[in-house]
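Chemist: got a predicted structure plus its sequence, pasted below:
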Amino acid sequence: MSFTAEVKEELSRVEGDCPDCPFAELSALIRVCGTLSFRGNGHYQLRISTETGAVARTVIKLTHKLFDLDTQLVVRRSVLHKTRNYLIEMGEGEDLASALDELGILVPGRGLNPGVPHELLQSECCQRAFVRGAFMAGGFIADPRGDFHLEIAVTGEEFAQGVVDVLSGLGVSARLNHRRGAYAIYLKSYEDIEKLLVQMGAVRTTRAVAAVRQVKSKKNNANRRVNAEMANLQRASQAAVDQRMLVADVERSVGVKTLPRALREFCFLRLRYPEESLAELGRRCDPPVSKSAMYHRLLRLQKIVEDAAGNKSANGLANGE
């Protein structure tokens, strides 16, 4: 079972907080994954198709509970993808049209409602139920162990924008993307996805996501520390190479033996321990000195080389070279 199917299975067991919540949830389920056909004279035929058994069970349960409508379920299996598809059909009687009116899917005398049924979404609990139904019908959520992502695929720009507005009212920031004749309402951040899961009632999934996020955070922190240490080691290694080259320049220009004791000690230690840092070399001095003291010795050596180069250049000019 995919991670998305596991989440929908959990959501199918969530009960609404008030008597109106099931109407809001069923409205979203039908609006997102249903196909409505007009048969003339006020008669309609409704087909609801889903690949998730939990969604099919929820649609049938709510339809029977709220409207006592007859439903026909056909289970089909795709030979190519080896997945099941559940097709729920509802007849052409006037009871269906009346139910669709009550669910805000149809507007009497005007046909299909292009937006969300605001009359069903007066309370926050009904808004949560509506979003839960929309996700169950057209939602996808990636496994949090990979790149986390959640989206809800719907048709109709006005309806899609209405769902985004409902999510915003619940404190969830969502974006809208037009994709091949449909609209994808998507969330990218962990915070918004966790918040939506909580709002929909997916308690178990929220805990699992939080646990994965904590593990990821620890791994990322460990990787950052390792990368920082590697960068520091590379800088220290390059600095040591530069310092050995400086010692060689000192030897060529004035000779290490002519230097004061502290600078001779620096040159000796740098050549003998080429991989160590200035702080480590300072601890080897007799007596031990700080990293700052070693750095100042390094600066003195650089100045000696620069002065020697300047003197050589001046002598060359004086001799007409």
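Modeler: That came through, no problem. No experiment lies behind these values; they were computed from the predicted model shown.
Chemist: which one's the longest helix in this structure?
Modeler: Looking across the chain with DSSP state H, the single longest helix is helix 203-253.
Chemist: how far does it sit from the chain's center?
Modeler: 24 Å (C-alpha atoms, centre = their mean, to the nearest Å).
Chemist: for that helix, packing partners?
Modeler: For helix 203-253, the packing partners by 3 or more C-beta pairs under 8 Å, 6 or more residues apart in numbering; DSSP states H and E come out as helix 3-11, helix 190-200, helix 261-272, helix 291-318. No exception for glycine: its C-beta is placed from N, CA and C like everyone else's.
Chemist: tell me where the model's unsure across this protein.
Modeler: Applying pLDDT under 70 to the chain flags residues 40, 42, 78-82, 92-93, 216-217, 312-321.
Chemist: show me what contacts the spatially most central residue of the chain?
Modeler: Taking C-alpha atoms, centre = their mean, the centroid of the chain lies closest to F148, which sits 4.1 Å from it. F148 makes contact with 142, 188, 190, 193, 209, according to C-beta atoms under 8 Å, 6 or more residues apart in numbering.
Chemist: ok, now with 10 Å
Modeler: 141-142, 187-190, 193-194, 209, 212-213, 216 (C-beta atoms under 10 Å, 6 or more residues apart in numbering).
Chemist: flag every buried residue along stretch 279-295.
Modeler: 281-282, 285, 289, 294 (16 or more other C-beta atoms under 10 Å).
Chemist: farthest pair within those?
Modeler: Put simply, by C-beta to C-beta the two of the buried residues of stretch 279-295 set farthest apart are L281 and V289, 9.0 Å from each other.
Chemist: what sits in contact with each of those two?
Modeler: 265-266, 297.
Chemist: between these, which has the most around it?
Modeler: F266 (29 neighbours; other C-beta atoms under 10 Å).
Chemist: touching, that one and L298? I think so.
Modeler: Yes - with contact defined as C-beta atoms under 10 Å, F266 counts as touching L298 (7.0 Å).
Chemist: correct me if wrong, but the residue nearest to the centre of the chain is in a helix.
Modeler: No - going by DSSP: H, G, I helix; E, B strand; the rest coil, the assignment for F148 is coil, not a helix.
Chemist: quick one: it from P108, how far?
Modeler: 43 Å (C-beta to C-beta, to the nearest Å).
Chemist: next: R270.
Modeler: 90 Å.
Chemist: who has more neighbours, these two?
Modeler: R270 (21 against 10).
Chemist: relative to Y183, how far out is the closest residue to the more buried one other than its chain neighbours?
Modeler: Excluding the flanking residues, the one nearest R270 by C-beta to C-beta, 6 or more residues apart in numbering is Q243, at 5.2 Å. Using C-beta to C-beta, one gets 62 Å for the distance from Q243 to Y183.
Chemist: which of the two has more residues huddled nearby?
Modeler: It is Y183, of Q243 and Y183, that has more neighbours when counted by other C-beta under 10 Å, with 24 against 21.
Chemist: what about Y273, how many residues nearby?
Modeler: With other C-beta under 10 Å as criterion, Y273 counts 13.
Chemist: next, the contact list for it, please.
Modeler: 240, 280-281, 284.
Chemist: distance of F266 relative to L36?
Modeler: Taking C-beta to C-beta, one finds F266 at 86 Å from L36.
Chemist: for H43, same thing?
Modeler: Taken as C-beta to C-beta, the span from H43 to L36 is 11 Å.
Chemist: looking at the two, which is more packed in?
Modeler: Comparing H43 with L36 by other C-beta under 10 Å, the one with more neighbours is L36, at 18 against 14.
Chemist: kind regards, and thank you for your time.
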